[in-house]
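> what's the 3D shape of this:
(chains A and B)
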Amino acid sequence: MIALVDYGAGNLTSVRKALNAIGAPVWTPAVAGELGRAHGIIVPGVGHFDSTKALTDEWRTAIKTMVEDGVPLLGICVGLQWLFEGSEEAPDIKGLSLLKGTCFNFTQHVNGRLKVPHVGWNSLEITRPSRLMAGVTSGSQVYFTHSYAAPVIDDTAAVCEYGVRFSAAVEHDRVAAVQFHPEKSGDTGLRILRNWANLSRRSSGGA
Amino acid sequence: MLSKRIIACLDVRDGKVVKGVNFEGLRDAGDPAALARRYNVEGIDEVVILDVTATIESRQARAHTIAAVAAEIFLPLTVGGGIRTEDDAAAAIDAGADKVSLNTAALSDPDLITTLAKRYGSQAVIVAIDAKHVEAGLQSRLRYAVFARSGQTGTRRDAVEWAREATDRGAGEILLTSIDRDGTKGGFDCEMTAAVSDAVNIPVIASGGAGTFDHFADVFTAGHADAALAASIFHFNEQSVAALKQFLASTGIPVRL
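Below you'll find the predicted structure:
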């Protein structure tokens, strides 16, 4: 079972629907203690980085422990940003620091030439092989909606450009994350979710 | 590069797509889910359900339509028409909508924009503006007069000012429909679209007047639109989404192919 962490950051219906479509059973744990039975953990999210403060120390510890035990983790959108050290959007709130860097606002980079937020379909540049993005080629387009972005780091697997280059997909051991919404990115998005779900199936011994 | 989006609008009444749909290969041509499936295959970027059955009793029927369409596509799905309250919006989102579109309700209760933006994020809140040109000199303050209730009621608001206010209140996108052009197939209102798009820092979706491929190219260049929405041009199978996108790409406009 995949744990879809609900911390009140918007609507989980479309993520749940996409996981159902690829045959990945999912549930929303009510308390951090339930995470122990997860074969994979998804931290979704739309909206403000501030909402991640609902992920208390109890949740942070439970998620980190599971990742150390080899359970795959996937961050989506604000969920990706939360896996970094923090965000300019809410400087007082710490990220999980599984990935290095701080998320930044587009505004300072686009100079009024481009609208912020970045909304719509944009193309990916695959920068290194990864399990998450297997079978996805450079030039494939996915759906974004965000005002803040994560820097390009060694763990970046795909880059997108919107006035500035930023991490569209990241993979570091069991930690994976995407800035775009795979659940709203057509066949490309479903492929990426399937790639990740296959990792979680492996972690559960093929269940 | 960020693509210009092509959005199909399904005008739904009592669970059926209205505006006479008639194309081959669909057993039930008025079935919103069947249409959505077809558009998905053709490469549509987003789908909007505009439910014109705006009665309380219809809320359950609307949820059924949303769920049926959402089951067919893994693309952004917007629901508009009859979203009057926070509960209406919540029902649409729970049924599978990613965004709700507010029109008359935003005009009569602008706080609703903020309430929904706080609850679901700005990306989930579209403010739809129906507007038309005002003759110069008649009402000097107004250039593009905003109308409520499907274009029936004047509001004394100007589209540019209202778009700015809606943005400040938390709207994530503006859906701008030209009342002058709607249904004419004479082309989008590029002048009004550019005026609104240049005034706000959020995406503007142009609507009303699509008739040819060139109209789409015009609204993305002269009209500064971020996305274009059409209904009957696609429903009647006059133009396929795929062919439209190929055309736009050939003119150098970035699209998702």
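
> Could you pull up the contacting residues of residue 199?
Since no chain was named, I'll use chain A. Going by Cβ atoms under 8 Å, 6 or more residues apart in numbering or on different chains, residue A:199 touches A:40, A:72, A:131, A:174, A:176. To be clear about C-beta, it is placed using only N, CA and C from the backbone, and glycine gets the same treatment.

> should've been chain B
Residues in contact with residue B:199 (Cβ under 8 Å, 6+ apart) are B:160, B:163-164.

> what's the answer for residue B:127, then?
By Cβ under 8 Å, 6+ apart, residue B:127 lies in contact with B:101-103, B:106, B:113, B:163, B:166, B:171, B:173-175.

> do you know how far residue A:75 is from residue B:143?
45 Å (Cβ to Cβ, to the nearest Å).

> just residue A:153 next, same as before
Between residue A:153 and residue B:143 the computed distance is 48 Å (Cβ to Cβ).

> And the contacts of residue B:199, which is closest to chain A?
Checking the contacts of residue B:199 against chain A with Cβ to the nearest Cβ, the nearest one is residue B:163 at 12.8 Å.

> pretty sure that closest one contacts residue B:175?
No: counting by Cβ atoms under 8 Å, residue B:163 sits too far from residue B:175 to count as a contact (10.3 Å).

> so what sits against both of these two?
By Cβ under 8 Å, 6+ apart, the residues touching both residue B:163 and residue B:175 are B:127, B:129.

> residues near residue B:114, how many?
15 (other Cβ atoms under 10 Å in any protein chain shown).

> Correct me if wrong: it contacts residue B:168.
No: in terms of Cβ under 8 Å, residue B:114 does not count as a neighbour of residue B:168; the distance is 9.3 Å.

> Would you map the helices across the chain?
All of this is about chain A. A:13-21, A:57-68, A:78-83, A:107-110, A:186-203 (DSSP state H).

> my question was about chain B
For chain B, applying DSSP H gives helices covering B:32-42, B:58-70, B:86-95, B:104-108, B:111-120, B:159-169, B:190-199, B:213-221, B:232-235, B:241-250.

> Tell me if the fifth one is near chain A.
Okay, so that is helix B:111-120. Yes: contact between helix B:111-120 and chain A, assessed by Cβ under 8 Å from any Cβ of the partner chain, occurs at residue B:120.

> correct me, but residue A:12 touches residue A:6?
Yes: the pair residue A:12 and residue A:6 qualifies as a contact (Cβ under 8 Å) at a distance of 5.8 Å.

> overlap in contacts of those two?
residue A:28.

> Chain B contacts on chain A?
A:9-11, A:13-14, A:17-18, A:21, A:46-48, A:114-123, A:141, A:143, A:145, A:161-162, A:183-187, A:189-190.

> Next, the distance between the ends of stretch A:127-142.
End-to-end span of stretch A:127-142 (Cα to Cα, to the nearest Å): 16 Å.

> ugh, wrong one, stretch A:150-164
One end of stretch A:150-164 to the other measures 11 Å (Cα to Cα).

> so residue A:22 touches residue A:192, yeah?
No: contact criterion Cβ under 8 Å: residue A:22 and residue A:192 do not qualify, at 10.1 Å.

> more neighbours, these two?
With neighbours defined as other Cβ under 10 Å, residue A:22 and residue A:192 compare such that residue A:192 has more, 27 against 14.

> mind checking how far the more buried one is from residue B:36?
Separation of residue A:192 from residue B:36 (Cβ to Cβ) stands at 22 Å.

> and the residue of chain A nearest chain B?
Proximity of chain A to chain B (Cβ to the nearest Cβ) peaks at residue A:47, 3.3 Å away.

> Now that residue: closest residue in space, sequence neighbours ignored.
Among residues not flanking residue A:47 along the chain, residue B:121 sits closest, at 3.3 Å (Cβ to Cβ, 6 or more residues apart in numbering or on different chains).

> Let me see the contact set for the one you found.
A:9-10, A:46-48, B:172.

> Please produce TSV containing these, extended by pLDDT.
TSV is the format used below for the contacts of residue B:121 (pLDDT from 0 to 100):
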residue	pLDDT
A:9	69
A:10	70
A:46	77
A:47	75
A:48	82
B:172	96
